[in-house]
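*Asks:* got a sequence here, can you model it:
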Amino acid sequence: MDDFGQPTNEEGMERLKRFNWGAFLAAPLWNLVYGRWGWFVAVFLVNRVSKVANQYPDEPYYWILPLIYIGVSAASAITANKDGWRKRRDVFGTIDEFLKAQKKWVIWGIVLQVVILFLQYGIALTGG
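*Replies:* As a prediction, this is how the structure comes out:
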C-alpha cells in the first residue's frame, strides 16, 4: 500500500487476476460494455448457434453447444478484470472502485440468469 492507502501497481494487478463472475454470468453484455469486441462476438455467436440447435434436439451436437458457450464465457471471464480495467480505467478512479463495480455485475448477472431461466421454463410450459 502507498501513503494514501491505494494498492501499489503489483498489488493491484494481482487482484485483477481473479476470475470475474460478473463477466461470466452476463458474458455478452459485459464484453459489449467493456469493449471486448472479439470476446463479445465469440460469446454472442456461440449463444446464437446454441439457440438454433435447440430446434434440433436429435442432432449429435445438440448437447455440446451449451458446454461450448460455458467454456467461451469462462475463458472470457479469466482475463476480464485486467482487460476491463485497462479499457475503462478512465471511468474508475481506483482498482478498488473497479472491483466494487464488478461485484454489482455479479448480482445483476445472477438476476439475469434467473430471469432467463424463468422465461425458458415458462415458454417450455406453455409449449411456445
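*Asks:* going forward, measure contacts between C-alpha atoms and count neighbours the same way
*Replies:* Noted.
*Asks:* so what's residue 65 scoring on pLDDT?
*Replies:* With respect to pLDDT, residue 65 scores 81.
*Asks:* ditto for the one 5 residues further on
*Replies:* Among the per-residue scores, residue 70 shows a pLDDT of 91.
*Asks:* in which helix or strand would I find it?
*Replies:* helix 64-78 (DSSP states H and E).
*Asks:* now do that helix: which elements does it pack against?
*Replies:* Using 3 or more Cα pairs under 8 Å, 6 or more residues apart in numbering; DSSP states H and E, the elements in contact with helix 64-78 are helix 21-25, helix 27-33, helix 37-53.
*Asks:* relative to helix 37-53, how tilted is that helix?
*Replies:* 160 degrees (axes from the mean of the first three to the mean of the last three Cα atoms, to 10 degrees).
*Asks:* where does the protein have its least confident helix or strand?
*Replies:* The weakest-scoring helix or strand in the chain, judged by mean pLDDT, DSSP states H and E, is helix 9-15 (a mean of 80).
*Asks:* the helix or strand hosting residue 120: which residues count as buried?
*Replies:* Assigned by DSSP H and E, residue 120 belongs to helix 95-126. Neighbour counts over helix 95-126 (16 or more other Cα atoms under 10 Å) mark 95, 98, 99, 102, 105, 106, 109, 110 as buried.
*Asks:* helices or strands up against that helix?
*Replies:* helix 21-25.
*Asks:* just the CA trace of the helix it packs on, in CSV.
*Replies:* Provided in CSV are the C-alpha atoms of helix 21-25 (Å, rounded to 0.1, in the frame of the first residue of the first chain):
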residue,chain,number,x,y,z
TRP,A,21,-18.0,-13.9,-12.1
GLY,A,22,-20.0,-10.9,-13.5
ALA,A,23,-18.3,-11.2,-16.8
PHE,A,24,-19.1,-15.0,-16.8
LEU,A,25,-22.7,-14.7,-15.8
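*Asks:* where's the most centrally placed residue in the chain relative to residue 49, distance?
*Replies:* Centroid-nearest residue in the chain, with Cα atoms, centre = their mean: residue 23, separated by 2.2 Å. Separation of residue 23 from residue 49 (Cα to Cα, to the nearest Å): 20 Å.
*Asks:* all set now, cheers.
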